[in-house]
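*Asks:* Need a 3D model of the sequence below.
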Amino acid sequence: EAIRARGGGPSLLRGLLADLRRNSALRQRVASGSLTPEALVALDADARQTDDARRKRARVEAPAALEDEVAEGYACESCGTKRVSVASVALPMTSYGTSEVRDVLFLRCLDCGHSWRDGDD
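*Replies:* Next up, the predicted model:
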């Protein structure tokens, strides 16, 4: 009934079941009664993730913390200002069987918010 009250259908139910299978801490909270079924349904997908999944996601989103530093030698493609932040990410090459990586720069204008990538040759 809580799923229907939230307006969710089969996809919400499948997501809840998958998250309960993956997340033993969440499963234990439900089994012990410290998390009611209504509270479980009210949790968003991020709150139902395992701690490992949250840590992996935090590592992926870490380059965003560099946004306040102004990069030299770049100008915004949209407004022309030189106040541009940069974050570098090493991405694997698309060729199979190699362990080569290439650096891709994620740039963002601190004035107008325009963002673009550099190094996607």
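
*Asks:* ok, residues contacting the host helix or strand of residue 17?
*Replies:* Here residue 17, judged by DSSP states H and E, is contained in helix 10-22. Helix 10-22 has contacts (Cβ atoms under 8 Å, 6 or more residues apart in numbering) with 3, 6, 26, 27, 30, 40, 41, 45, 48, 49, 50. C-beta coordinates here come from the backbone N, C-alpha and C atoms, glycine included.

*Asks:* separation between residue 114 and residue 108?
*Replies:* Distance, residue 114 to residue 108, using Cβ to Cβ, to the nearest Å: 7 Å.

*Asks:* Check residue 27 too.
*Replies:* Per Cβ to Cβ, residue 27 is found 40 Å from residue 108.

*Asks:* try residue 89
*Replies:* For residue 89, the distance to residue 108 equals 13 Å [Cβ to Cβ].

*Asks:* and those two? which has more neighbours close in?
*Replies:* Using other Cβ atoms under 10 Å as the criterion, residue 89 and residue 108 rank with residue 108 on top: 19 against 15.

*Asks:* So what's the residue count around the nearest residue to the more buried one once chain neighbours are set aside?
*Replies:* Using Cβ to Cβ, 6 or more residues apart in numbering and skipping the chain neighbours, the partner closest in space to residue 108 is residue 115 (4.3 Å). By other Cβ under 10 Å, 15 other residues sit near residue 115.
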